[in-house]
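Asks: 3D, please:
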Amino acid sequence: MCRALIYLGEPVLIDDLLFKPDSSLVNQAYMPKMLHMLNLAGFGMMAWDARSHEPSEPWRYRSPSLPIFDGNLKSLATKARAECVIAHVRGVAYSTSVHVSEQNTHPFRFTGAAVAMAHNGDIYRIGEMKGALVERIKPELVAQIAGSTDSEWVYALLLSQLPDWRVEPDGDALVAAVQATVDILAELRAAHGISISSSCNLFITTGRQILGLRHCFDFGRYRTGHPDQLHEANLNFLSMWFTTGRDYGLHDGEWQMLGGDESPRAIMIASEPLSSNSAAWLPVPEYGMVHAWLEGETPRFRVLPLQL
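Replies: Purely as a prediction, here's the structure:
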């Protein structure tokens, strides 16, 4: 299990997302308060700043090291602000078959792509489906797959469902691409006789839109007949939460978003709330998604069901 967040709205100090909250993304990596799995296999983020050179292009930071010990990241986070942020801490089952490297660190954004993506979950036995996936992914995108994760293949498949992966899609086209990606994966899993539970929580952004998908294929079907031998993360539908409002910051000793959804200035989607007090957060529905976009400088959002 990994953890991720995406933020869209008025400029936010990166430190206020990654480090300062008591349950910040970095703190969740080694001291989680919900699902108790550590995320020690790397950190990555992208941020869009309207005041920067070429504001449509994000700046990127990725490292296979632990973010809590990354002084460079902390120094950057205390100085940088952005209107859109996507960040991810990677968690893996440690074995000789798993590679911890910068190439495997999320989020992914291929050269020339208008969409970035991070993944929380595990597409079981994806190696058996790669031959069929190659036929569904555009050749120029297959050529850009650089790592060994299942997530990067899902990302390439997602881009291939867009009208033009180099151009920012409108909201309906982005939602349709997510739906098509899920449908294709479900089809290929069935064709290969794969029915093991596989989480597919996706965090997607263009810099002016964000989308969080909360999904699991064949939830409840486990790799073993002994659920007591499974990790807690396998027994739960992986969490995803969102919050929206007019003022994100430290209020009454808690990092939270105030103001509700009336004339919001920001929206955030995260694997877990960034504060121990989750009263201002709402769960993304299982088999559902939250899509948000900017109208001028004001974020709007909608909650949509996934068509199963």
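
Asks: And the longest helix along the chain, what's buried?
Replies: What stands out as the longest helix in the chain, according to DSSP state H, is helix 171-191. Buried residues in helix 171-191, counting neighbours by 16 or more other CB atoms under 10 Å, are found at 174-175, 177-182, 184-186, 188-189. In this view, the C-beta of every residue, glycine as well, is placed from N, C-alpha and C.

Asks: Now tabulate those in TSV and tack on distance to Lys138 and pLDDT.
Replies: Formatted as TSV, these follow (distance: CB to CB, whole Å; pLDDT from 0 to 100):
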residue	distance to Lys138	pLDDT
Leu174	17	98
Val175	20	98
Ala177	13	98
Val178	17	98
Gln179	18	98
Ala180	13	98
Thr181	13	98
Val182	18	98
Ile184	13	98
Leu185	17	97
Ala186	20	97
Leu188	17	97
Arg189	21	96
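
Asks: For Trp153, state which of those is nearest.
Replies: Of all the buried residues of helix 171-191, Trp153 sits closest to Leu185, with 9.6 Å by CB to CB.

Asks: Contact partners for the closest one?
Replies: The contact partners of Leu185, taken as CB atoms under 8 Å, 6 or more residues apart in numbering, are 123, 129, 154, 157, 200, 217.

Asks: Next one: Gln179 from Ala114, what distance?
Replies: Distance from Gln179 to Ala114, counting by CB to CB, to the nearest Å: 18 Å.

Asks: low-scoring stretches of the stretch 151-300 of the chain, by residue?
Replies: Where the stretch 151-300 of the chain drops to pLDDT under 70, the residues are 223-236, 260-262.

Asks: which ones are touching the residue nearest the centre of the chain?
Replies: Per CA atoms, centre = their mean, the C-alpha nearest to the average position across the chain is that of Phe203, at 2.9 Å. Contacts here follow CB under 8 Å, 6+ apart; on that basis Phe203 touches 4-6, 86, 88, 107, 117-120, 210-212, 269.
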